[in-house]
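Student: Kindly generate the corresponding structure for this input.
(chains A and B)
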Amino acid sequence: MRELERRFRIIAFDWDGTAVANRAADATPVRRILERLLHAGVQIVVITGTNSGNVDRQFASAFCGPHKRRLFLATNRGSEIFGFDEDCRMIPLHARKADASEERLLDEVAEAVRDEISRRAGVAIDIVYNRVNRRKVDLIPEPQWHDPPKDQLPELVRAVEERLAGMPGGLKEAMDLALRVCAERGLREARITSDVKHLEIGLTDKRDSMAWILRELAQPQGIPPEDILIGGDEFGPIAGFPGSDSLMIQPEFASSVYVSVGPEPGGAPPPVIHLGGGPPRFWQVLADQAARHPVDLPGAPSRDATWVVVENGFVPAREHEVESVHAFGNGYVGCRGSLMEGSPLSRPATFLAGLFHQPPELSIPTFMKLPDWAAMTISVCGEPLRLDVGDFLDHSRVLDMQQAVLWREWRHRDPSGRITHIRGMRFASQDDRRLLVHSAVLTPENWSGTLELEGNLPGPLSFPTGRGHTAAMVSGAQLERPQSWERVNPEDGRARLSLEVQIGKSYRLDRVVALRTSRETAAPEAAAVAHLHRALSRHGANGLVEAHRRAWAELWNEADIRLHGADPFDQRGLRFALYHLLTTVTPEDDRVSIGARALSGEGYKGHVFWDTEIFLLPFYIFTVPAAARALLMYRYHNLPAARGKAEEMGYRGALYPWESADTGEEVTPKFVVAPDGVVVPVLVGTQEQHISADVAYAVWQYWQATGDDAFMLEAGAEMILETARFWASRVERGEDDLFHIRCVIGPDEFHESVDDSAFTNGMAAWNLRRAAELARTLPERWPDWWGRLASRIGLRPEEPPSWTQIADRMYTGFDPRTKLFEQHRGYYDLEEIDLAQFRPRTAPLDLVIGRHRLERSQAIKQADVVMLIWLLWDEFPADVREANFRFYEPRSAHDSSLSPAMHALVAARLGDMETAFRYFRRTIEIDLANNMGNAADGVHIAALGGLWQAAVFGFAGLHFTAQGPRLDPRLPADWQGLEFSLQWRGQRYPLRATAARPTEARR
Amino acid sequence: MSKVILVPLDGSAEARAAVPVARTLAELQGASVRLLHVGDSLLSPPKLLELLGVEADTLPHMIVEAMPGDPVEAIAHCVCEGTTVVMSTRGAGATRQDVGSVAAGVLARSLMPLVLVPPERGTQPWTLTTMLVPHDGTPSTTNAIGPAAELAQASSANVVVLHVAVPGRAAPGEPGALTTPRYLDQPQHEWPAWAGEFLERLGALYPLQNLRILLGAAPENPAREVLDHAHADRADLVVLVGHGHLDRPEGAQVIRAVLGGSPCPVMLLDAEAERHQDEREELAGRRS
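Tutor: Now for the predicted structure:
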């Protein structure tokens, strides 16, 4: 039957006589098929004249699960619609309730009809009153016809016609009579139906059920009528009047497919396809539909190459970098994109933001690594299914950045020749950050036999950090339907499932993991269990996928940058940056920040650097301001530790740690053993102090962009004041009557223990000026608050004025003749090295020329003065910006991943597009080409934040005026335009930069 | 598969330098030793041993034989799967820093594993305590060092993996190659991570104990860096992996320089052993 040879998304059907022979029949066969359809995502609507309790007892109460939320009962002849909640309880979705006058009218009409038929036919007629919105006039109230089964319909028709012999028109006349009485008594839009035994006079009928399907199911989901199958057994005329199912034929459903499995003695009206055969035939139709909804994953990867990062084949040595690049997360949890079955070089890891532990062999805290929740080994008839055993016929992994889903496609032939096809998807829910989801579909293509799965299914497990916290993980899993997993090891959560599988049939595995920590709740295990239960019963795996996709669609709506005319490589590179920036942050937790490798790897032990404030925060400020606020609050909560560090070093105020973890204390290692065996002391932890000014700078930028005064009062001002206080105590007045900052490390970490770093002095002076400004302006607006703050931090009145004096007399190293800032005292005396002679270079410069020579050279590690020029752009005239970029750019070795993006940004603003684009490309390649040789430990999130800045502040030329954001685009040669949106002072600004002319925000 | 140590000898003192190395390798591998003399005169085994200057009890499980013809061809004829050729780097008359013609011929034919022993070390007993493995970071090099890794496991030798960065030379294009980190954001994190990554990639294939990594840079001459470390670490064996370019100057240069200056035996392994074996079999098939 051609019309049935396709998939329907909604199947609506009459119950009694269509799905079951009668209300006493065993509904198990049809329930099994319907459950398969529900699992496959098909929505099922049972349309019946009986009440919901009857259908529930016979059918619906026999099963439970999230798929049941796609089942609907349209009962009592169109008067009610019921659905099912997360606990599988029946819940009313719609009800038509007759009012008192309608009830009275129904009684009057029924009684008048009864009396008239009784009079005309000369027989006793009864009324059944207790029905919702209708009355049933019983035309044959005789014991043998108390509840006639459907298959006795012909006999029933004969018996009723004989009984109504006194009425020449028989049943038809009775119906006409009822219509007339309704009209006479004022029962407008009365619905008269009959099952032969009864004449039913009511307010609703199956037309109302159909209208609900259209209004509440099909239209909201965009399901066209042709995707709806409608089944019944009584479409054709019976005893001279239309069958009850004919009311389901409505104009709005003209392109739907109707089938009848009833005897249809009067023939089925068009467009109904008359199949006959009763319920067994209907089951065949349903089973065919189930087969047409093969077990599959909910969705597929994006086909747009600019949205995906694809890894085809399998090179074991690349696994670590693939895992980093394919990492996924939601700011609360991050996971590396490891193979579920593992490999000799797999390094799976799951990280929870802000959760650190203290390994006994280390003196510093490191990222807590949770067990591999997605681990799952597969055995096929006893043989392990692994990429390195047998041959993979096809293997690809796709990071779909648009959906934030890691997909996998794997066809494998094991050494015995069995071919197994596995498709999988994994994600960290953006809709519910405490959930991880893994679905896989396994198909034994050319074999039948035993499939054995063994994986981590903690139920639940707790993991103490050793630093006062506990993480809890619990997993729920099912293969097609809930199965019994045999617990292999309760301590590590491993469990096993064995299943006999059939050739060609697909089996879907769904795993959902819930996570909670003692950082959020006193009883993380119980909370995780409850969380998982709620998620599974409310959504099921498919529902979680949908919610996750919707959440990401909203994120991308805010964050995407669309390039026009650019090479797809550039578009993909930008989206890669945005994707990882978005997977890394959560506004829900203001006690965590972002480690140098985000949540994608163990690199840098999860420690937080200036990267967050200077390289990442601008993206969040203008895209997810709530997340930016949370990141700054992390610094505020850690202010006591920063005060402690300053005090320990003999200073006042707050000196933020160069590396911090969960407590805000300094966690920079004290030394490192270099690969040449030399033990090198690490001085950044004590000397790279510009981070305090960087934090203050970020606070100010956030405040300027958002106008979030509440944050400034609650936290921001205190951070700026305390960091200024640090600088005021840190400077030394020299014989030249200027203030100096001695023995520091600037961003150029090739040169340690230097005096008067231009960057450090410049940022410190900026910090002091802003603090003094706050001390002038805030008391005017909030005098009481200011009084309390000043009292709490012991701020003396003479302090703020002294900050201005210090800033004004800070040594800058600026030479008005050359327009140059000397990077630090004595820099010009160092050896000039032509870095071009070492190209191409695959090693850091200190390895190539040696540490000793490097320290005595003008080679610099990364943007330093160039960085200062960018951060304080408006403080320098154009010729100063240009002169410093031209002087320092050739001297930069770019031995830091932070460097190229900043050079791209500044070069673009200076109009040097060739240089800008070269550095932009280089930044993209840091992770996607793994040209650093160390993507294995995680992505370089600061470089990715820098890439966003290069695109937005560099190429688009974003700047702000009193009227709002403005663009001054300078685009790379092939780019025709660049579109994005940003948030500024509570409003969203869609922006478009074109190569031709400056562009204003479209508002 | 039985293992054989093939030791080509010509009766010279220089050639006999291979014998103690062959003996130790045979013990470590559980291999038999096959002494091969290529010459026109066919002597009885005792006479042959006498000619070669080898005492009968020098080597356990010893086989001695003679073959006529060209030495390189004869050696090639005797090499089959499971064979390791152990021979002197150069014969009598060659100057130090040369690779002898027979050794060069065996090298050019990629008859590997090949252990070339500097004749200067004489016939003193040889033990394997420290093995130096220069490694370019490519997966193919990792895959090729299997025979050396087996030796290291059998001898519990210290394995020093040496990665030499060569500025001015592009990184290997092989997928999965791990060179030095081009950027070094924070050395206190990057160096331990890089070293760990390098060793983990080796450890995934070979469960080696006593493994450590060294990083060197050699703007001019990577061979010098290898030799310096061989001296400094008192290496007993240097393991070099060839990548099918031994007949090309740039590849051969480094290997020849190491062979010429190495204070200890050098084991040469072939990253493209499978391809070379196929070529040899094809050639043999054509000849037959």
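Student: Got phi/psi on B:I213?
Tutor: phi -120, psi 140 (degrees, to the nearest 10).
Student: residues contacting it?
Tutor: For B:I213, the contact set (CB atoms under 8 Å, 6 or more residues apart in numbering or on different chains) comprises A:P675, B:V160, B:V161, B:L162, B:H163, B:A195, B:F198, B:L199. From N, CA and C alone the C-beta is placed, and that goes for glycine too.
Student: Apply 10 Å and report the result again.
Tutor: A:675, A:677, B:133, B:135, B:159-163, B:194-199, B:202 (CB atoms under 10 Å, 6 or more residues apart in numbering or on different chains).
Student: Secondary structure element for the closest residue to A:P271 other than its chain neighbours, which one?
Tutor: Closest residue in space to A:P271, ignoring its immediate chain neighbours: A:Y258 at 5.7 Å, by CB to CB, 6 or more residues apart in numbering or on different chains. Element membership of A:Y258, judged by DSSP states H and E, is strand A:257-260.
Student: For that strand, C-alpha coordinates in CSV please.
Tutor: Provided in CSV are the C-alpha atoms of strand A:257-260 (Å, rounded to 0.1, in the frame of the first residue of the first chain):
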residue,chain,number,x,y,z
VAL,A,257,-3.8,9.1,5.5
TYR,A,258,-6.9,7.3,6.9
VAL,A,259,-7.2,3.5,7.2
SER,A,260,-10.1,1.4,8.3
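Student: A:A428 contacts A:T350, doesn't it?
Tutor: Yes. Taking CB atoms under 10 Å as the definition, A:A428 is a contact partner of A:T350 at 9.1 Å.
Student: Angles on the backbone of whichever residue of the stretch 301-450 of chain A sits closest to chain B, please.
Tutor: Closest approach between the stretch 301-450 of chain A and chain B, counting by CB to the nearest CB: A:A317, at 3.1 Å. Backbone torsions of A:A317, given as degrees, to the nearest 10, read phi -70, psi -20.
Student: Also B:M267?
Tutor: Taking degrees, to the nearest 10 as the convention, B:M267 sits at phi -100, psi 130.
Student: Strands of chain B, residue ranges please.
Tutor: Using DSSP state E, the strands of chain B run over B:4-9, B:32-38, B:62-67, B:83-88, B:114-117, B:130-134, B:158-165, B:211-217, B:237-242, B:266-270.
Student: so what's residue 142 up against?
Tutor: All of this refers to chain A. Contacts of A:E142 (CB under 10 Å, 6+ apart): A:V123, A:A124, A:D126, A:A159, A:R163, A:K197.
Student: Actually, chain B is the one I wanted.
Tutor: A:316-317, B:133, B:135-136, B:149, B:161, B:176-178, B:198, B:201-202, B:204-206, B:241, B:271.
Student: Which of the residues you listed fall within helices?
Tutor: B:A149, B:F198, B:R201, B:L202 (DSSP state H).
Student: Would you mind measuring from the residue nearest to the third one when sequence neighbours are not counted to B:E197?
Tutor: Meaning B:R201. Nearest non-adjacent residue to B:R201, counting by CB to CB, 6+ apart: A:A317, 5.6 Å away. Distance, A:A317 to B:E197, by CB to CB, to the nearest Å: 10 Å.
Student: re earlier: pretty sure the residue nearest to A:P271 contacts A:M248?
Tutor: Yes. Counting by CB under 10 Å, A:Y258 does reach A:M248; the two are 7.4 Å apart.
Student: Between those two, point out the one with more neighbours.
Tutor: A:M248 (27 against 23; other CB atoms under 10 Å in any protein chain shown).
Student: So which residue is dead centre in chain A?
Tutor: A:Q430 (2.6 Å; CA atoms, centre = their mean).
Student: For that one, which non-adjacent residue is closest in space?
Tutor: A:A551 (3.9 Å).
Student: Which element, helix or strand, includes the one you found?
Tutor: Using DSSP H and E, A:A551 sits in helix A:540-559.
Student: and after that helix, which helix or strand comes next?
Tutor: strand A:562-564.
Student: ok, back up a step: next up, the contacts around the residue of the stretch 301-450 of chain A closest to chain B.
Tutor: A:344-345, A:936, B:137-140, B:142-143, B:174-178, B:197, B:201, B:204-205.
Student: Any figure for the gap between it and B:V21?
Tutor: Counting by CB to CB, the gap from A:A317 to B:V21 is 32 Å.
Student: B:S101 now?
Tutor: 20 Å.
Student: more crowded one of those two?
Tutor: B:V21 (28 against 13).
Student: who's in contact with the more buried one?
Tutor: B:5, B:7, B:86-88, B:115-117, B:121, B:123, B:125-128, B:236-237, B:264-265, B:267.
Student: how many neighbours does B:P46 have?
Tutor: 10.
Student: for A:Q571, that is, sorry about that
Tutor: Other residues close to A:Q571 by other CB under 10 Å number 20.
Student: same question, the one 4 residues further on
Tutor: Here the neighbour count serves as a burial measure; for A:R575 (other CB under 10 Å) it reads 23.
Student: Now do the helix or strand that contains it against helix A:540-559, angle only.
Tutor: Using DSSP H and E, A:R575 maps to helix A:568-583. Relative orientation of helix A:568-583 versus helix A:540-559 (axes from the mean of the first three to the mean of the last three CA atoms, to 10 degrees): 110 degrees.
Student: Nothing else from me, thank you.
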